[in-house]
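Participant: for reference, the sequence and a predicted model appear below.
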Amino acid sequence: MSTVLASLEDSKAEDIVTIDIKGKSALGDHMVVVSGRSNRHVVAICDHLVKDIKQSGAGTPKVEGQEAGDWVLIDTGDVIVHVFRPEVREFYNIEKMWSAPEMNEGRLH
């Protein structure tokens, strides 16, 4: 998780929210939702994150949706990262769907 958050910070990802999904889903233990300013920024955030995860020795994450750069899902096994353009993030509002009231405690910015 620390590699993911450090990489996102380095890439200037915006509005980083962490959600504990342990026990809520078999998909992983944590979900991280972030925004990029544009399609290009979303793709750059994802490229940097995948590189950092590989370099940390955590394997190669699965990546979906990077071609369009609107909403990219990166699955590291334990951590699921959603990288959105702001309008797409607002439309889907997955933080509300997955989080309980403690979500705001996970907000980093």
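Facilitator: That came through fine.
Participant: the residue most central in space within the chain: helix or strand, and which one exactly?
Facilitator: In the chain, the residue lying closest to the centroid (CA atoms, centre = their mean) is Val81, at 2.5 Å. Counting by DSSP states H and E, the element that carries Val81 is strand 79-84.
Participant: what's whatever helix or strand comes next after that strand packed up against?
Facilitator: Of the helices and strands lying after strand 79-84 in sequence (DSSP H and E), the nearest is helix 86-92. In this structure, helix 86-92 makes packing contacts with strand 14-20, strand 30-35, strand 71-75, judged by 3 or more CB pairs under 8 Å, 6 or more residues apart in numbering; DSSP states H and E. In short, each C-beta sits where N, CA and C put it, glycine included.
Participant: dump the ones you listed into CSV; add distance to Glu95, mean neighbour count and mean pLDDT as well.
Facilitator: Below are these laid out as CSV (distance: least, CB to CB, whole Å; neighbours: other CB atoms under 10 Å; pLDDT from 0 to 100):
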stretch, distance to Glu95, mean neighbour count, mean pLDDT
strand 14-20, 6, 18, 93
strand 30-35, 5, 22, 95
strand 71-75, 13, 19, 96
